[in-house]
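K.L.:
sequence plus predicted model, see below.
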Amino acid sequence: SDEVMEEAPIGSAQKKTRNRKLHWKTEYLVYCFFVRCNISMTRIAALFGIRRTLVHDIVYGWANMLCDTLAKFFPVPTRSQMLRAYPKS
């Protein structure tokens, strides 16, 4: 089988993750085609030779992962941080 099991992060509890049908780099490419190139899920599925539902799962999964990750890297600034960032007029 060509399926790759996604590894749990080091130091975390052993999590069950979904079996990947594609390599993560290919999944990211699928996500980018959908988000950046505005190509339909049906056309992406045909392009990569996968089911449309898998394209949906990939796009949904990457959107959630990026949302969580970017929220950790770039937290919402507090009111005081916002006031310090702009000069007094």
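P.N.:
Sure thing, it's come through.
K.L.:
for the chain, what spans make up the helices?
P.N.:
Under the criterion DSSP state H, helices of the chain are mapped to 24-36, 41-48, 52-73, 79-85.
K.L.:
including mean pLDDT and mean neighbour count, could these go into CSV?
P.N.:
In short, each C-beta sits where N, CA and C put it, glycine included. Conversion of the helices of the chain to CSV gives the following (pLDDT from 0 to 100; neighbours: other Cβ atoms under 10 Å):
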stretch, mean pLDDT, mean neighbour count
helix 24-36, 95, 15
helix 41-48, 95, 16
helix 52-73, 95, 13
helix 79-85, 90, 9
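K.L.:
any idea which residue sits dead centre in this structure?
P.N.:
A centroid search over the chain (Cα atoms, centre = their mean) returns Trp62, at 1.8 Å, as the residue closest to the centre.
K.L.:
list the contacts for the residue lying closest to that one once chain neighbours are set aside?
P.N.:
The spatial neighbour of Trp62 that comes closest, neighbours along the chain excluded (Cβ to Cβ, 6 or more residues apart in numbering), is Tyr31 at 4.0 Å. By Cβ atoms under 8 Å, 6 or more residues apart in numbering, Tyr31 lies in contact with Ile58, Val59, Trp62, Ala63.
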